[in-house]
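A.B. asks: coordinates only, no sequence provided:
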């Protein structure tokens, strides 16, 4: 089969690799229907995180089960399934608390597992899925093809935006600021609307992203950044910061923007992978009671709930995909995302 | 009148100072019945925070109203009142969110206000109380003398321990670790019990404090620190960290202890004044979804609720006072606290 590997900075290649097969009785093999490129894939792509040796990449995909191991109980060949961006057993002490990303048997797409077995990446034609029962979620029946992009967002960006909102305590009547207008930030807008936020301020200086933000429920757009951005937010909110600020980037600047835009006693919900970023300023947080919650999103936990809303048409996060390419143009998908020519590209094998 | 001043490192003096009087129509003058020394008073006492020039000190007191300004409505001469450790108006946009410590007109005992008026400290015979309506809480009638110590804890330590517990989301059935066996840590144990925690692990290596912790509701004591302390906590909790860890010290070591003792997805509720401590390790927090909430405790907000429980005998946080001295021995009170010969000393003018 063909699958994507990263070789180094801005070096993405589609190559022939061995077809996956069942290695453990808890595995499934999935034929990929759609995958995509994530903002966090850009960290190694840009060399912010060095690539020591070539490896598979991609951690978001949906597809159809081809084959299952003898111990797999919850999915069967022919099922349409969504794979969250981490592999988890769903039964350990930490999964039972909902933090599947810290599962005691967690594994990561594109890496090597604790048995020394390579784990496929999502940007390929087929994927061996370890711990299939804990990891995969099947849709009831075959979904309409038009729903595939929205289902694919449940692999990561929609669940991650939702985690930012949940971590920040967004609820009916909240006022919310979203820092970051990538796919996760836009999904955080949608998640906030879904949770009943009254005021949703999207920070964006990019017309196409502003448009999606408005479509997803942003009530206001703030294009300014830094102190001017904070001032603009406070002016919209009657002089103080927001109840909840969703940090969906992961840089020092975005976290500062978030901390400074939060009212005393409010929450920053953060999901942007801290890209070697600085530590959090505890003195400032202490003085103002600005709280910081979040982390790597346990999207598997949220998947059933969000899936229900996608299937009934209540949310359509698939709108974040504004570019669709065949898998053999995966390098172009990375370049387009790196250069911000696309919000998020969808790949079809 | 006599009042306490700090002159510098380990230099505490009781001196004759001018009697306070009403300066603004929103002021009250209170005759102090009891005050005390706080763990945070030890930072300047120890020179960790330098004292630029001599100033009044003490921010916890209860007393009886002597006189009120013409605009004071909620307290009257003769009322027994509790003063929280910050001055707040109770009406601004931030007070309405409950964060009275970030009040738009916040002032601090022992400092100089925005009008250039000196503000008395609590460790004296009388105190001018600015913004008396927002700041003071009167008891219904005169309290029994035996209740005075518990009422005095509502000025700071009980409300602060409660804030740690509330910030960390302690609720019925939670398992909780309390880092710090000073008065705040002990009150955090009591607050956790009051909120229904099932398991409360107090980290203490000091027999007298362990005894108070057990009396307040600690189910387990862990004397180890560092990695051994973390291992002991996890062993008690079936292999993973606690839902809620209450950080009641403010040092790098105590925050590390707290972060490492929290399960993925759990909360550190922190109220220890960060004593020039380091920043928070965001990468580690991100990976594990360990959340950090808290700050300088808005005890004024909690005062009515906790007062009710003290008056009906449901909690007796006054047990943290294990030394009572006349005000003219205030220097000895500081020394005893500094040397950990007392958990917390109560001062009677």
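C.D. replies: Now that the structure is in, tell me what you want to look at. In this text, all values refer to a predicted model and were calculated from it rather than measured experimentally. Residues are numbered from 1 along each chain as shown, chains lettered A, B, ... in the order given.

A.B. asks: C-alpha only now, for contacts and for neighbours.
C.D. replies: Fine.

A.B. asks: just say helix, strand or coil for residue A:215.
C.D. replies: Three-state assignment for residue A:215 (DSSP: H, G, I helix; E, B strand; the rest coil): helix.

A.B. asks: neighbours of residue A:69, just the number please.
C.D. replies: 19 (other CA atoms under 10 Å in any protein chain shown).

A.B. asks: ditto for the one 5 residues further on
C.D. replies: The burial metric for residue A:74, expressed as a neighbour count using other CA under 10 Å, is 14.

A.B. asks: touching, it and residue A:131? I think so.
C.D. replies: No: the criterion here is CA atoms under 8 Å, and residue A:74 misses it with residue A:131 at 10.8 Å.

A.B. asks: so for the nearest residue to residue A:54 once chain neighbours are set aside, what's the pLDDT?
C.D. replies: In space, not counting the residues next to it along the chain, residue A:54 is nearest to residue A:7; the distance is 4.3 Å by CA to CA, 6 or more residues apart in numbering or on different chains. With respect to pLDDT, residue A:7 scores 97.

A.B. asks: can I take it that residue A:7 is in a strand?
C.D. replies: Yes: under three-state DSSP, residue A:7 sits within a strand.

A.B. asks: correct me if wrong: it contacts residue A:51.
C.D. replies: Yes: proximity of residue A:7 to residue A:51 meets the contact threshold set by CA under 8 Å, at 6.8 Å.

A.B. asks: who has more neighbours out of the two?
C.D. replies: Neighbours were counted for residue A:7 and for residue A:51 using other CA under 10 Å; residue A:7 has more, 19 against 15.

A.B. asks: next, count neighbours for the nearest residue to residue A:51 once chain neighbours are set aside.
C.D. replies: Excluding the flanking residues, the one nearest residue A:51 by CA to CA, 6+ apart is residue A:8, at 5.3 Å. For residue A:8, the count of nearby residues is 18 (other CA under 10 Å).

A.B. asks: contacts only, for residue A:8.
C.D. replies: A:44, A:45, A:47, A:50, A:51, A:52, A:53, A:54 (CA atoms under 8 Å, 6 or more residues apart in numbering or on different chains).

A.B. asks: what residues does chain A put near chain B?
C.D. replies: Counting by CA under 8 Å from any CA of the partner chain, the positions of chain A adjacent to chain B are A:93-94, A:97-99, A:101-102, A:240, A:263-265, A:271, A:273-274, A:276, A:278-283, A:285-296.

A.B. asks: cutoff 6 Å now
C.D. replies: Within chain A, the residues that sit near chain B (CA under 6 Å from any CA of the partner chain) are A:279-282, A:286-287, A:289, A:291-296.

A.B. asks: in helices only, show me the residues you listed.
C.D. replies: Judged by DSSP state H, helices contain the following of those: A:282, A:286, A:287.

A.B. asks: can you list those in JSON lines and add pLDDT?
C.D. replies: Listed next are those as JSON lines, based on pLDDT from 0 to 100:
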{"residue": "A:282", "pLDDT": "92"}
{"residue": "A:286", "pLDDT": "96"}
{"residue": "A:287", "pLDDT": "95"}
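
A.B. asks: between the residues you listed, which is nearest chain B?
C.D. replies: Distance to chain B, by CA to the nearest CA, is smallest for residue A:286 among these, at 3.9 Å.

A.B. asks: state the number of residues packed around that closest one.
C.D. replies: Residue A:286 has 22 neighbours, counted by other CA under 10 Å.

A.B. asks: also residue A:215?
C.D. replies: Quick note: residue A:215 (other CA under 10 Å) scores 14 neighbours.

A.B. asks: now the one 4 residues further on
C.D. replies: When neighbours are counted by other CA under 10 Å, residue A:219 registers 17.

A.B. asks: ditto for the one 5 residues further on
C.D. replies: A count of nearby residues for residue A:224, using other CA under 10 Å, gives 15.

A.B. asks: for chain B, see how far away it is.
C.D. replies: 24 Å (CA to the nearest CA, to the nearest Å).

A.B. asks: tell me which helix or strand that residue sits in.
C.D. replies: Assigned by DSSP states H and E, residue A:224 falls within no helix or strand.

A.B. asks: also the one 5 residues further on?
C.D. replies: Assigned by DSSP H and E, residue A:229 belongs to helix A:226-236.

A.B. asks: show me what whichever helix or strand comes after that helix is packed against.
C.D. replies: Reading on from helix A:226-236 to the C-terminus, the next helix or strand found by DSSP H and E is strand A:242-247. Other helices and strands packing on strand A:242-247, by 3 or more CA pairs under 6 Å, 6 or more residues apart in numbering or on different chains; DSSP states H and E, are strand A:175-179, strand A:262-270.

A.B. asks: show me where pLDDT drops low in chain A?
C.D. replies: Counting by pLDDT under 70, chain A shows low-confidence ranges at A:276-278.

A.B. asks: the same query, at a cut-off of 80, please.
C.D. replies: Within chain A, the segments meeting pLDDT under 80 span A:275-278.

A.B. asks: quick one, domains of it?
C.D. replies: The record's domain split for chain A, according to automatic domain parsing, is A:2-156+A:317-348, A:157-294.

A.B. asks: could you single out the most deeply buried of the ones you listed?
C.D. replies: Compared across those, domain A:157-294 shows the largest average neighbour count, a mean of 23 (mean count of other CA atoms under 10 Å in any protein chain shown).

A.B. asks: for that domain, what is the distance to the chain centroid?
C.D. replies: Chain-centre distance of domain A:157-294: 16 Å, with CA atoms, centre = their mean, to the nearest Å.

A.B. asks: what about the helices in the stretch 1-150 of chain A?
C.D. replies: Per DSSP state H, counting those that start in this stretch, the stretch 1-150 of chain A carries helices over the ranges A:42-45, A:132-135, A:148-153.

A.B. asks: any chance of the ones you listed in JSON lines, with distance to residue B:336 too?
C.D. replies: As requested, the helices of the stretch 1-150 of chain A are exported to JSON lines (distance: least, CA to CA, whole Å):
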{"stretch": "helix A:42-45", "distance to residue B:336": "54"}
{"stretch": "helix A:132-135", "distance to residue B:336": "57"}
{"stretch": "helix A:148-153", "distance to residue B:336": "60"}
